[in-house]
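A.B. asks: just coords:
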């Protein structure tokens, strides 16, 4: 008579999984309000303020931290990154390996870009390794263009496999 041992999956776990979904419903209602482009700009500023007021919250590889790193390295690129919606063109930007790594890590967190062009830069193997890693976690990006960079064969393989 060992049958009743097989019933644990009738436990309240199924109910528990439905409960949070109902609690989240009001947020959906709020999202239905039309969000203007201005609101997006405002939100970016608010995020920046929050970032400055709560440095202890930032973990090493948080997008905010990475964006701050990019701003320190290349404020012009950081500004473009923030404004980008689905397409981002970083062509002929003299992006070096270190900056490329930061950009790649940002890309790993990104959920809006579909096209990203990094052609004619000075990206090295570290940047390519980071990009290959980013492509493993990023499911949104469809096109990554990397013409005319210092690209080793190993890096090409890593990217092709990612």
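C.D. replies: Received the coordinates, thanks. Owing to the predicted nature of the structure, the values given are computational and were not obtained by experimental measurement. Numbers count the residues shown, from 1 in each chain.

A.B. asks: all helices of the protein, in order?
C.D. replies: All helices of the chain, identified by DSSP state H, fall at 13-23, 25-31, 37-53, 63-73, 75-83, 97-109, 125-137, 153-161.

A.B. asks: ok, residue 70 touching residue 81?
C.D. replies: Yes. Using Cβ atoms under 8 Å, residue 70 makes contact with residue 81 at a distance of 6.5 Å. No exception for glycine: its C-beta is placed from N, CA and C like everyone else's.

A.B. asks: anything in contact with each of those two?
C.D. replies: Common contacts of residue 70 and residue 81, defined by Cβ atoms under 8 Å, 6 or more residues apart in numbering, comprise 103, 106.

A.B. asks: Could you measure from residue 115 over to residue 64?
C.D. replies: 24 Å (Cβ to Cβ, to the nearest Å).

A.B. asks: which one of these two has more residues nearby?
C.D. replies: residue 64 (18 against 14; other Cβ atoms under 10 Å).
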